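Trainee: below: sequence and its predicted model.
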Amino acid sequence: MPDLTLAAAQTIVATALETARGHSLKPLAVVVYDARGALKAMAAEDGTSLRRAEVAMGKANGCLALGLGGRAIHKRAEEQAYFVAAVSHLVGPAALVPVPGGVLIRDGDAVIGAVGISGDTSDNDELCALAGIEAAGFTAQTGA
């Protein structure tokens with residue numbers, strides 16, 4: 001299985017933040033995990049509101065826990081609220097935040113990690129994640 005390198009994770013974070021500044025978005029927190037769920041890179045811009053990093057972690061962790069992009073988890077939460085609540089309880093302190101802004105990172109057929117972004121609207125958070133993943137040369141899986 002291919003690995004998500006630190007350099008690639010840093011590219012994702014840097015590009016996501018550059019994209020946010022280019023669109024004049026609110027300050028973001030960006031988290032990148034590898035496929036094992038190990039933290040590879042994280043940044044929180046000056047001015048992010050309290051707990052944005054934890055929300056970003058929950059978005060990325062949820063994607064890894066369920067093997068789905070944030071949009072698919074959101075849809076499932078609307079259709080099967082009890083299931084998503086139960087999984088959220090099981091995955092523990094990193095939680096599961098069932099909204100867009102959590103995106104799986106794919107290299108070919110392999111899931112090599114996940115990005116979680118929080119700070120602006122979920123759609124804008126996802127936009128920045130997509131830009132970062134593309135800049136690193138990978139494919140994003142949002143669940144759309």
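Mentor: Everything's here; your move.
Trainee: ok, now which ones touch Gly137?
Mentor: Gly137 makes contact with Ala8, according to CB atoms under 8 Å, 6 or more residues apart in numbering. To be clear about C-beta, it is placed using only N, CA and C from the backbone, and glycine gets the same treatment.
Trainee: wait, a helix at it?
Mentor: No. Looking at Gly137 with DSSP: H, G, I helix; E, B strand; the rest coil, it is coil, so not inside a helix.
Trainee: secondary structure element for the residue positioned nearest the centre of the chain?
Mentor: Nearest residue to the geometric centre of the chain (CA atoms, centre = their mean): Gly116, 2.0 Å. Here Gly116, judged by DSSP states H and E, is contained in strand 110-118.
Trainee: how near is Arg21 to Ala110?
Mentor: 31 Å (CB to CB, to the nearest Å).
Trainee: still on that earlier bit, the residue nearest to the centre of the chain and Gly58 touch, don't they?
Mentor: Yes. With contact defined as CB atoms under 8 Å, Gly116 counts as touching Gly58 (6.8 Å).
Trainee: list the residues that contact both of the two?
Mentor: Both Gly116 and Gly58 are contacted by 97, 102, under the criterion CB under 8 Å, 6+ apart.
Trainee: by contact count, what packs against the strand holding Gly116?
Mentor: Judged by 3 or more CB pairs under 8 Å, 6 or more residues apart in numbering; DSSP states H and E, strand 110-118 is in contact with helix 6-22, strand 29-34, helix 52-66, strand 102-107, helix 122-135.
Trainee: since that was my last question, I'll sign off now.
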